[in-house]
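Trainee: Model the structure of this input:
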Amino acid sequence: IGMDEKQPANLKKLGIIGMKERAYICGGVLNIKSEPGNGTKIELIIPLQKMIKIFIVDDHSLIREGFRKIIGQTSDISIIGEAGNAKDFFKGFDVNTCDLVVLDINLPDKNGLEVLKEIKALNPGTPVLMLSMYSEERYAVRTFKAGASGYLSKEKAAETLIKAIRKTVRGGRY
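Mentor: Numbering: from 1, shown residues only. Coordinates of the predicted model:
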């Protein structure tokens, strides 16, 4: 039957307020168009959440398995590839489908800093989160100078991995 938008009481009812709050929480907008006798149109616009696609490069299968477990608990991050060495990484890496590379600094066939430089040569815009068993003091500055977007110590990885991934994909440094 519609409602009179000129009467503020109609738009201040809890149902409409609740819908507007839920839309806001999701980053969306709720539009209401109504005319008495002609009905009501409610439009909810919510931006789609972009799935973050990552490629993991670490020579330890246990580390990769741990990543899969941690990332499996999120709804906005997916692993599109993984490799245990640089050679396999470059076989499976596609700059057009990957949003972030999580790269171990020690690989059996190549140093992670060399791999980082090759990634940046292929596509300077691909963020790379370096992963290492070494503390930040030892390698972080070197990795940032080589083009990394972040540096994460393996001892802290479980508690901060998701935060680091999201921050670096948004253009930040971790």
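Trainee: how about the nearest residue to the residue with the largest distance to the centre of the chain, chain neighbours excluded?
Mentor: Most distant residue from the mean C-alpha position of the chain: residue 37, 46.7 Å away (Cα atoms, centre = their mean). Residue nearest to residue 37 in three dimensions, not counting chain neighbours: residue 2, with 5.7 Å by Cβ to Cβ, 6 or more residues apart in numbering. (C-beta placed from N, C-alpha, C; glycine too.)
Trainee: what's the next secondary structure element after the lowest-mean-pLDDT helix or strand in the chain?
Mentor: The helix or strand of the chain with the lowest confidence, counting by mean pLDDT, DSSP states H and E, is helix 8-11 at a mean of 51. Downstream of helix 8-11, the next assigned helix or strand under DSSP states H and E is helix 14-25.
Trainee: Who are the packing partners of that following helix?
Mentor: Here helix 14-25 touches strand 29-35, strand 39-45, going by 3 or more Cβ pairs under 8 Å, 6 or more residues apart in numbering; DSSP states H and E.
Trainee: what does stretch 132-146 rub up against?
Mentor: Residues outside stretch 132-146 that contact it (Cβ atoms under 8 Å, 6 or more residues apart in numbering): 104-106, 112-113, 116-117, 120, 130, 151-155, 173.
Trainee: Could you point out which of those residues is nearest to residue 162?
Mentor: Using Cβ to Cβ, residue 152 comes nearest to residue 162 of the contacts of stretch 132-146, at 11.0 Å.
Trainee: How is the closest one assigned, secondary-structure-wise?
Mentor: Following DSSP: H, G, I helix; E, B strand; the rest coil, the label given to residue 152 is strand.
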